[in-house]
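J.: Turn this into a structure:
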Amino acid sequence: QVCVTMCFFIIARVTTIDVEVGVDDNIFDVSDNMQRFFNTGLLGALITTIVASITWQLVASAFPIAFLSNPLVYVFLVICLFLEATGICSGAWVLASGYKSILGIQLDEVYIGTPEERAAGLKPDRKDGTEPHLGTNVLSNAPGGK
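T.: Prediction:
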């Protein structure tokens with residue numbers, strides 16, 4: 001996937017055409033709007049992404065032993081597994097950061113307090129002071145509670 005993403009950006013840059021719409025002749029005699037789309041380079045990147053993604057998946061599924069026995073594939077696999085284990089490239093970090101900044105979410109300690117504050121009763125679980133009875137699969141008030 002890292003390779004496919006890298007190919008996406010490289011091919012987008014390579015396939016970007018700089019034809020001035022309305023001044024130069026459009027390639028393949030397409031409309032001006034289609035030429036604007038061609039100028040972005042997304043067409044080449046889209047085709048490359050689809051072909052590159054599907055090609056490697058088909059090869060890996062048709063010949064799994066031969067695919068994984070390739071030393072170059074093994075090196076890439078180890079690098080990718082290491083990066084995945086670090087969490088650096090995890091998309092969840094990006095989504096969580098954006099979500100946090102949009103909604104103004106703060107650390108848990110602001111809302112529920114530190115373990116010490118909770119133990120001291122400064123920030124109880126419920127405002128009415130009752131403790132929930134955690135029975136089998138049912139959340140209800142403690143027996144005799146309100």
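
J.: Buried residues, stretch 52-70. List them.
T.: In terms of neighbour count (16 or more other CB atoms under 10 Å), stretch 52-70 has its buried residues at 52-53. (C-beta placed from N, C-alpha, C; glycine too.)

J.: What's the end-to-end length of it?
T.: Distance between the two ends of stretch 52-70: 18 Å, counting by CA to CA, to the nearest Å.

J.: Which residues does the helix or strand where residue 61 lies contact?
T.: Following DSSP states H and E, one finds residue 61 within helix 42-62. Here helix 42-62 makes contact (CB atoms under 8 Å, 6 or more residues apart in numbering) with 3-4, 7-9, 11-12, 14-16, 37, 67-68.

J.: looking at those residues, which has the most residues close by?
T.: Greatest neighbour count in the contacts of helix 42-62, by other CB atoms under 10 Å, goes to residue 11: 20 neighbours.

J.: roughly how far apart are that residue and residue 43?
T.: 10 Å (CB to CB, to the nearest Å).

J.: Residue 89 too?
T.: In terms of CB to CB, residue 89 sits 27 Å off from residue 43.

J.: same deal with residue 117?
T.: Residue 117 sits 57 Å away from residue 43, going by CB to CB.

J.: which of the two has more neighbours?
T.: residue 43 (17 against 13).

J.: follow-up on the earlier one: looking at the contacts of helix 42-62, point me to the pair that's furthest apart.
T.: 37 and 68 (38.7 Å; CB to CB).

J.: Show me where the protein has its helices.
T.: 2-14, 32-40, 42-62, 64-69, 71-86, 91-103, 108-112, 115-119 (DSSP state H).

J.: Could you list the low-pLDDT ranges of the protein?
T.: By pLDDT under 70, the low-scoring segments of the chain are 1-4, 122-146.

J.: residue closest to the middle of it?
T.: For the chain, the residue nearest the mean C-alpha position is residue 91 (3.1 Å; CA atoms, centre = their mean).
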